[in-house]
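Colleague: predicted model and sequence follow; I will ask about them next.
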Amino acid sequence: MRILIASHEPWDDAPVGRRVGQLASQLAAAGHQVRLLVVDSGELAGGRAASLSAGVSLRHAVCRAGDTTAMVPFAAPRFVAASEHQSFARLTDQQVDQYRDQLRTVFDDEIQEFNPHLVHAEHVWLLGHLALEAGVPYVVEAWGAELELLAVDKRWLRYARETAENAGRILVPNNDVAQQLHQTFPGLETEVTLTSRDDVNTPAGRDKLLDVYRAVVRARCGDVPLD
């Protein structure tokens, strides 16, 4: 299966990054074609040395303040801002439009070049919405921080709602996030699946996730060959 994993955060930065790094490496080790698209500064988080599985292709959507050659010339936004980043809520309306438009260009390039069977997008946010616009089957993984942000910044609500409503599946780590998801999007009919984020490191957990992927793709595309 060709799987594009997309994240608004670096693959080597915990907790989201650790998750996508492990996920990409485990899927590649199982024989799947995996590409990873991450939004970051183009450098390893914290200067740490780290590596992905040799079978994983990595693309950086670079955000760097003052760098006109970067995707956007400002620091990568985060759901929970650290000292070197800013919150999505702090972006100006102009920066919101620029970030989304430029990220769409990078994302669409990946879709055209890789032609994935499925996109796995971290957070119920813009990357899932770009998959929706591209017409690719996708799952989104809810973390909770993005849902909290929606409560204080409504500019993102339409994108997040449409992402949730049209996803093939929404993955949640626990019942609290599932409840938060339904409170944020009343009447949501998309199937929600409980998955432990550590399960991907076990054969059973990885197979469970792959079963979700296959079900999502086949619900959209029919009985296509995926292995």
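Modeller: All right, it came through fine.
Colleague: all contacts plus neighbour counts: C-alpha atoms, from now on.
Modeller: Noted.
Colleague: strands of this protein, start to end?
Modeller: Under the criterion DSSP state E, the chain carries strands at the ranges 2-7, 33-40, 56-62, 77-78, 86-87, 118-122, 138-141, 169-172, 192-194.
Colleague: deepest-packed of those, please.
Modeller: A comparison of those by mean neighbour count, using mean count of other C-alpha atoms under 10 Å, puts strand 138-141 on top with a mean of 26.
Colleague: run me through the strand neighbours of that one, direction for each.
Modeller: Paired neighbours of strand 138-141 in the sheet (DSSP bridges): strand 118-122 (parallel), strand 169-172 (parallel).
Colleague: in CSV: the ones you listed, plus distance to residue 70 and mean pLDDT.
Modeller: Formatted as CSV, the strands paired with strand 138-141 follow (distance: least, C-alpha to C-alpha, whole Å; pLDDT from 0 to 100):
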stretch, distance to residue 70, mean pLDDT
strand 118-122, 22, 97
strand 169-172, 31, 97
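Colleague: export these to JSON lines and tack on distance to residue 193?
Modeller: Output for those, formatted as JSON lines (distance: least, C-alpha to C-alpha, whole Å):
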{"stretch": "strand 118-122", "distance to residue 193": "14"}
{"stretch": "strand 169-172", "distance to residue 193": "5"}
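Colleague: of the ones you listed, which is nearest residue 208?
Modeller: Of all the strands paired with strand 138-141, strand 169-172 sits nearest to residue 208, with 11.7 Å by C-alpha to C-alpha.
Colleague: packing partners of the lengthiest helix in the chain?
Modeller: Identified as the longest helix of the chain according to DSSP state H is helix 93-114. For helix 93-114, the elements it packs on are helix 126-134, judged by 3 or more C-alpha pairs under 8 Å, 6 or more residues apart in numbering; DSSP states H and E.
Colleague: in the helix it packs on, what's buried?
Modeller: Neighbour counts using 16 or more other C-alpha atoms under 10 Å place 126-132 of helix 126-134 among the buried residues.
Colleague: ditto for stretch 212-227
Modeller: By 16+ other C-alpha under 10 Å, the buried positions in stretch 212-227 come out as 212-217.
Colleague: quick check, nearest of the buried residues of helix 126-134 to residue 21?
Modeller: residue 127 (17.1 Å).
Colleague: which residues does the closest one contact?
Modeller: 6-8, 121 (C-alpha atoms under 8 Å, 6 or more residues apart in numbering).
Colleague: one more: residue 138?
Modeller: Applying C-alpha under 8 Å, 6+ apart to residue 138 gives the contacts 118-121, 128, 131-132, 167-169, 216.
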